[in-house]
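Engineer: Just a sequence and a predicted model for now, questions to come.
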Amino acid sequence: MGRAPCCDKANVKRGPWSPEEDAALRSYIQNHGSGGNWIALPKKAGLKRCGKSCRLRWLNYLRPDIKHGCFTKEEDDMIFTLYSKIGSRWSVIASKLPGRTDNDVKNYWNTKLKKRMMEAQAALSDNHSAPSSQPLVQRVHSSAFINCVSIRPTDQTESQSSINGSLGESLDLRVPRQNPNYLELDFGSIADLFYSSSYEETIGTMWADASEEIKLGEPSQSVTYLY
DNA sequence: AAGGGTCTCAACCGCCATAAC
DNA sequence: CGTTATGGCGGTTGAGACCCT
């Protein structure tokens, strides 16, 4: 019992595709389409491959509308934004990025963006050990996602910060202060932070700026964190 | 130059949803 | 309505490229 395999695994080729195989698959699909049956396609196309493998090769690599090459900052922003909202639904995220496949987006996230995110978190967490004369920059947990930042001014012991936006969106920080009445910072987006030559430097700037009133933009949504 | 570690990304695996029978 | 076949998806793997010492 149990599910039958989609192909005879002992008699199909596996591993990297050769240029000849690519040409055969491309030629067949361009002339006949997939025929709505990937399982039957390899035999018709003269390929010793599993149908699933053919489908994957076509969708992820051979399709004419595939965009190869580096991701742009706009694409990064889109991935951050969507990931913060829907998580690892790569096919949905990829559908918003013309020419990108879910596999592309997933690989890009796992190898690049996730690392940047982790490094940024670590850098922000490190600021817990900041000198007491400086405002304390710390990461707080967001129910939607991480990478929200709060700032505790040194001139008050109890404070409440409102954090507006999420990854990929404009990120505003607003901290009530005694004088001036509030402090508001806008870092553009988390992606901007990642793109800076060194986000430690950016955070350093945050610290320096935190003693002054900075007001940029209107928050589109507001989430309040207490600490 | 060698070799060990790390990174990248194409490809595979296995599960789930759905269509077809 | 149950079973089977297939498509689609996210997670994972591993070969080769690249980097560092």
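Structural biologist: Structure's in. What do you need?
Engineer: Enumerate the residues of chain A near DNA strand C.
Structural biologist: Within chain A, the positions adjacent to DNA strand C are A:1, A:3-4, A:6, A:15, A:34, A:36-40, A:51-52, A:55-56, A:88-92, A:102-103, A:106-107, A:110 by C-beta under 7 Å from any atom of the strand. Where C-beta positions appear, they are placed from N, C-alpha and C, glycine not excepted.
Engineer: Now with 6 Å, please.
Structural biologist: Residues of chain A that fall close to DNA strand C, judged by C-beta under 6 Å from any atom of the strand: A:4, A:6, A:36-39, A:51, A:55, A:88-92, A:102, A:106, A:110.
Engineer: Of these, keep whichever come out buried.
Structural biologist: With neighbours counted by 16 or more other C-beta atoms under 10 Å, those contain buried members at A:38, A:51, A:55, A:90, A:102.
Engineer: per-residue pLDDT, the last one?
Structural biologist: Meaning residue A:102. Here, the pLDDT recorded for residue A:102 equals 94.
Engineer: next one: the first one
Structural biologist: Model confidence at residue A:38, expressed as pLDDT, equals 90.
Engineer: what about it, is that helix, strand or coil?
Structural biologist: At residue A:38 the chain is in coil, as set by DSSP: H, G, I helix; E, B strand; the rest coil.
Engineer: any residue of stretch A:33-44 up close to DNA strand B?
Structural biologist: No: counting by C-beta under 6 Å from any atom of the strand, no contacts exist between stretch A:33-44 and DNA strand B, the nearest distance being 8.2 Å.
Engineer: So in chain A, where's the weakest helix or strand by average pLDDT?
Structural biologist: Lowest by mean pLDDT, DSSP states H and E among the helices and strands of chain A is strand A:223-226, with a mean of 26.
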